[in-house]
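1. 3D model of this:
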Amino acid sequence: PTSAVVLHSKHLQIARATVEAGRGHPAQEVRVVEHQALEQVALLTAEPLRAGHNYTLCIQYQANLSESFHGFYKSTYRTQEGELRVLAATQFEPTAARMAFPCFDEPAFKARFSIKIRREPKHLALSNMPIVKSVNITPWLVEDHFDITVKMSTYLVAFIVSDFKSISKITSHGVKISVYTVPDKINQADYALDAAVKLLDFYEDYFSIPYPLPKQDLAALPDFQSGAMENWGLTTYRESALLYDPEKSSASSKLQITMIIAHELAHQWFGNLVTMEWWNDLWLNEGFAKFMEFVSVSVTHPELRVEDYFLRRCFNAMAVDALNSSHAISTSVEDPAQILEMFDNVSYEKGSCVLNMLRDYLTADVFKAGLLRYLQKYSYQNTKNEDLWNSMTNASIPYSLLICPTVGNDKNELQGDGFCRRSQQSSSSAHWTKGATPDVRAMMDTWTLQKGFPLVTVTVRGKNVHLQQERYVKGVDAALSTGYLWHIPLTYITSKSDTVERFLMTTKADVIILPEEVEWVKFNVDMNGYYIVHYEDDGWDRLINLLKENHTAISSNDRASLVNNVFQLVSINKLSISKAFDLSLYLKYERQIMPVLQGMSELIPIYRLMERRDMDGTEKQLKEYIVNLFKDLIDKQSWSDEGSVSERFLRHSLLLFACMHRYQPCVDKAKGYFTEWQKSNGTLSLPADVKAAVYAVGAQTSEGWDFLLSKYRLHSFSVERDDIEWALSLSRSKDKLQWLMDQGLRGDIIRTQDLPHIIIFVSKNPSGYHLAWTFLKENWEKFVEKFELGSNSIASIVTGVTNRYSTRSQLAQVKEFFSSLDEKSAQLRCVQQAVETIEDNIQWMDRNLEKVKTWLQNNH
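-> Predicted coordinates for the structure are as follows:
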C-alpha cells in the first residue's frame, strides 16, 4: 500500500489530478507535489492505495512547446515563396517524454499507449500507430484517434503535427512504408523510400521475427539535433540524413543516408522490441544498430561496398578509448546528463567493433543463431549485458563439437594446441574451440566491463612467436594500466601462409609455435579485432619492407591497420616517429580508399599541430611531403561523378584535400569551375563529388564568399548546405567567420542544429581558432540551454574546438575556463577528454618535432 505515486514530469504545469478506484467509484482529488531538480511529481492520496487493486489516474496539465530540440518541440521552415511555417515534433530519448506528458519515464516501464491529437484541418498528425478514426470537433478542429501501440518504453513514443507531404510503398511482407517531408522537398524522398523497403524486408527475413506494426513512417524534420531517432513506427531524421537528390547529392551522402536508415530500422528489433533495462547498457541498442548497418547494407546495397568503411569507426572509437577519461561500454549512469553522455563513440562505434570481433570469433552462423535466440526470448522485455552473452553461449553449443574428425584425414590437422585447423582458404570454417563451449560471457565481459583496449606485443624468435598484452593508454603513468586483462581472439597470417590462423589469448603472455620460420607475420587480420599490435625487434622493418616491395600481398584493410597502428605506437613512445614516416612512404603507390584515407588521417593532424606553431618552415615541408605522397593519385582523378561509390568518395576526399592544401593544379581547376558556375548564376550543374573542392576554393575571395552565401539561402541548394557551410568557414576574414557563428546561434539564416559543425569548422581554420574558443566561452550557457548538458552536440564542440591545441598556455586557458563553471559542466567527460588530448599533443610535439624536421630533411 502507498499514499504517493511518483511520476516524471518536466516543465509541465499540472492543474489538478484525481484517482479513481474503478468504474462506479467517485474520483478522488489528489495533492500534487513537484520536485523540479529530480524532474518528478508526487501524487499524494488522502487514503492509501491498496496493493493488488487497479486505479486510474487523471492528470490535467498544460505546457508550452519546447524551444530546444527535445520534448515536444517547435520547428519551422520556409516555403519556396518564403512563407514561414510552423510544425511540432517530438524527441524523447533519453529522458524527455516527461516534457510532453507525466509518465514513468524509464526504459524498463513498458506500456501500451493510446494517443489522440487535436489539430487544425490544414495539418496532419502522425504517431507511432496508424489513425483509426478522425472526428470533426468543430469546423476548425479535428481529433485523430491512433491505434493502441504495442508494449514499449516511453522514449519511443512520438507524434508530429505538420503540413508534410508523403510518398508510400508496401514491402513484400505487407508493411506500408511512407516518407514524409516538407511539401517542397517531397521530390527528394524516393531514394529513402526504396532503401527503407529493401532494408525492412531484409531485417524481417534475417531476424525471422515479423515487424509487428502495420506501418513504418520516415519523417525528415527541418530542425533536429542528432542524426535520426528510431521511434517505433515513426522514425525521424535530420533532412540531410534522409533526403537525396540524384542530380545534386554526392556519393558520400547516398552512403550516409542508407546507413542511417539501416541503423534506425535495425532498432525496430534491437532497442524497440528488446530494450536495455537501464541506460548503463545503452550499447545493447546502439552498438547493435551500428553493427547491423553493415550486415544489412552489404546485402541490400552491395554496390555501396560498406565493408570499406568499417575500420574507420574502430579507429575513431580507439581515439577516445585510448584516453584515461574513457569509460567501459557498460558503465553506471544515474542522472539525465550522465545518460546523455552515454550516446558517444564508445557505446556506438566501439560497441559495433566488439560485436564484429565476436562474430568473426563465433562465425557468422553461430553469431546469428545467438541473436535470434536473444530477440525471441526477450521480445517486449528488457535485458542486461549478460542476457546477450548467455544467448550467444547457448547458440554455440552444437558447434563446439568441431573436434577434428579422424586425424588421418589430410584436410584437417590437429595442431599441438588441440585446435582443429582447416587447411582450405575459408577462414570462417576454421574454429577456435577445443571441444568446449566457448565462454562468451567471460570473454566479452573483458571487452564491455573495463575501459580501453589491449596492445599486443609480438616478438618472433625463430619459429616461436612470443605474445604479451597490456592496456594501450596515452599520456598517463604506467601504474594506471596495470590490472587489465582481455580475452583476445587473435588472428594472424604469415609470409608462408595466407590462411587465417586463430588463437584465443587469455593470459598476460603466451607463445605460438609456427610450423616453419617466416619472413614476416601480420596479426589482427583485416583488423577484425579491437586491439592494436606492436612488432618488436625488426618486426616493423620487415612489414615496412613488405609494403615497399609488394604492398598488395596483404589486404587493403591490413594495410590501413598497419598505417594506423604504427602512428598509435609513436604516441605511446613504443616506436620512433621516423619509423612511422618510413612506413608512410609506400603510400605513394597505394590506390585503395581505406589505406589512403588512413594515411591522410594520420599525417594531416600532425601538419595541423605544426601549422598552429608559426614555425620555421617545417610545417610547409610536411605539407609538401603529404601532397607529394598523394600527388599521382590526385592527378589521376577525373573531375566527374563517374565510378563506384568508393571511387567517388575517394575522389571527393582527395580533391578537397588537394585544394585545401593549395596544390596548384587542383586550385586552378577549381577556380575555373567556380568562375563558370558564378557566371551562370549558379545554374551550371557541377559534378556532385567535386563541389566541395570548388566551393572551398571559391570562398577564398570576398565576392566568391558572398555569392556562395546568396546560394546557401536558396531552396534549390538545400542538399548542398553542408558543403557550402564548410566552404564559408574557410574564409580568411575574421568578420565573416564571426558572422557565421553568430548566425548559427540566432538560427534564422543558418539553423541552430548546424551550429556545432560551424564552430568546429571555424576552429580548424588558422584565422578562426581564437574566435571559436572565445565564442564557446561567451555562449556556454546558451549552448547548454539549446543542446542540453551531456549531449553529443556539446561534447563535439568542446573536443572539436580544443583538439589541436598543443601549448601549455592553451592547456591552462582550457582548464581555467571549465573549472570556473558549475560543477556539472566542469565534470563533463568531454572536458576531461579535451584536457587529456591537449596534454597528449604537448607531449607529442615536445618529443617528435625535431625528429620530424630531421626526417623531412633527410627524405626531401
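2. tell me the contacts of the nearest residue to residue 506 once chain neighbours are set aside?
-> Nearest residue to residue 506 in three dimensions, chain neighbours excluded: residue 487, at 4.8 Å (Cβ to Cβ, 6 or more residues apart in numbering). Any C-beta I mention is one placed from the backbone N, CA and C, and that applies to glycine too. By Cβ atoms under 8 Å, 6 or more residues apart in numbering, the contact set of residue 487 is 442-443, 446, 504-506.
3. element containing residue 534?
-> Residue 534 is part of strand 532-535 when elements are defined by DSSP states H and E.
4. beyond that strand, next helix or strand please.
-> Counting by DSSP H and E, the next helix or strand C-terminal to strand 532-535 is helix 539-550.
5. list phi and psi for residue 333.
-> phi -140, psi 150 (degrees, to the nearest 10).
6. was I right to think it contacts residue 341?
-> Yes - assessed by Cβ atoms under 8 Å, residue 333 is found in contact with residue 341 at 7.3 Å.
7. who's more crowded, those two?
-> The residue with more neighbours, out of residue 333 and residue 341, is residue 341; 24 against 18, by other Cβ atoms under 10 Å.
8. next one: the more buried one from residue 325, what distance?
-> In this view, residue 341 and residue 325 are 11 Å apart by Cβ to Cβ, to the nearest Å.
9. which residues do those two both contact?
-> With contacts defined as Cβ under 8 Å, 6+ apart, the residues shared by residue 341 and residue 325 are residue 829.
10. which one of the contacts of residue 487 is nearest residue 630?
-> For those, the residue nearest residue 630 by Cβ to Cβ is residue 505; the value is 36.8 Å.
11. so the closest one bridges to which residues?
-> residue 488 (DSSP bridges).
12. list the contacts of it.
-> Counting by Cβ under 8 Å, 6+ apart, residue 505 makes contact with 456, 467, 469, 486-488, 490.
13. how far away is it from residue 94?
-> Separation of residue 505 from residue 94 (Cβ to Cβ): 37 Å.
14. where does residue 113 land in three-state SS?
-> Here residue 113 is coil, with the state taken from DSSP: H, G, I helix; E, B strand; the rest coil.
15. so the nearest residue to it once chain neighbours are set aside is in which element?
-> Nearest residue to residue 113, sequence neighbours excluded (Cβ to Cβ, 6+ apart): residue 149, at 4.6 Å. Assigned by DSSP H and E, residue 149 belongs to no helix or strand.
16. let me know the pLDDT of residue 398.
-> We have a pLDDT of 50 for residue 398.
17. for the remainder of this discussion, apply numbering that starts at 19.
-> All right, first residue 19 from here; so that's residue 416.
18. for residue 57, what are phi and psi?
-> Note on residue 57: its backbone torsions stand at phi 60, psi 40 [degrees, to the nearest 10].
19. which stretches of the stretch 369-518 of the chain form strands?
-> Assigned by DSSP state E, counting those that start in this stretch, the stretch 369-518 of the chain shows strands spanning 399-401, 430-432, 438-440, 472-479, 482-489, 506-512, 515-523.
20. ok, the helix or strand that the last one is followed by: who's next to it in the sheet?
-> Right, strand 515-523. Using DSSP H and E, the next helix or strand after strand 515-523 towards the C-terminus is strand 527-531. Strand pairing for strand 527-531, determined by DSSP bridges: strand 482-489 (antiparallel).
21. in the strand it pairs with, what's buried?
-> By 16 or more other Cβ atoms under 10 Å, the buried positions in strand 482-489 come out as 483, 485-489.
22. quick one on the thing from earlier: redo the strands of the stretch 369-518 of the chain as TSV? Include mean pLDDT.
-> Formatted as TSV, the strands of the stretch 369-518 of the chain follow (pLDDT from 0 to 100):
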stretch	mean pLDDT
strand 399-401	97
strand 430-432	36
strand 438-440	35
strand 472-479	97
strand 482-489	96
strand 506-512	97
strand 515-523	94
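23. now the longest helix along the chain: average pLDDT?
-> Ranked by residue count, the top helix of the chain under DSSP state H comes out as helix 847-876. What helix 847-876 shows for mean pLDDT is 95.
24. give the contact list for the residue nearest to residue 297 when sequence neighbours are not counted.
-> Nearest residue to residue 297, sequence neighbours excluded (Cβ to Cβ, 6+ apart): residue 357, at 4.5 Å. Neighbour list for residue 357: 112-113, 297, 300, 351, 808 [criterion: Cβ under 8 Å, 6+ apart].
25. dig out what the nearest residue to residue 155 once chain neighbours are set aside forms beta bridges with.
-> Nearest non-adjacent residue to residue 155, counting by Cβ to Cβ, 6+ apart: residue 161, 5.3 Å away. Residue 161 has these beta-bridge partners by DSSP bridges: residue 136, residue 153.
26. how many neighbours does residue 161 have?
-> By other Cβ under 10 Å, the residues close to residue 161 number 15.
27. for the closest residue to residue 194 other than its chain neighbours, give its distance to residue 218.
-> Counting by Cβ to Cβ, 6+ apart, residue 194 lies nearest to residue 233, which is 4.4 Å off, once chain neighbours are set aside. In this view, residue 233 and residue 218 are 11 Å apart by Cβ to Cβ.
28. between these two, who's got more neighbours?
-> residue 218 (23 against 18).
29. residues contacting the residue nearest to residue 155?
-> Contact analysis of residue 161 by Cβ under 8 Å, 6+ apart lists 134-136, 152-155.
30. from residue 411, how far out is it?
-> Counting by Cβ to Cβ, the gap from residue 161 to residue 411 is 51 Å.
31. let's see stretch 819-827 as CSV, backbone CA atoms only.
-> Provided in CSV are the C-alpha atoms of stretch 819-827 (Å, rounded to 0.1, in the frame of the first residue of the first chain):
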residue,chain,number,x,y,z
VAL,A,819,37.5,23.4,-30.7
THR,A,820,40.4,22.3,-28.5
ASN,A,821,41.8,19.1,-30.1
ARG,A,822,44.6,20.9,-32.0
TYR,A,823,45.9,22.9,-29.0
SER,A,824,49.4,21.9,-28.1
THR,A,825,50.9,24.6,-25.9
ARG,A,826,50.9,24.9,-22.1
SER,A,827,49.2,28.3,-22.1
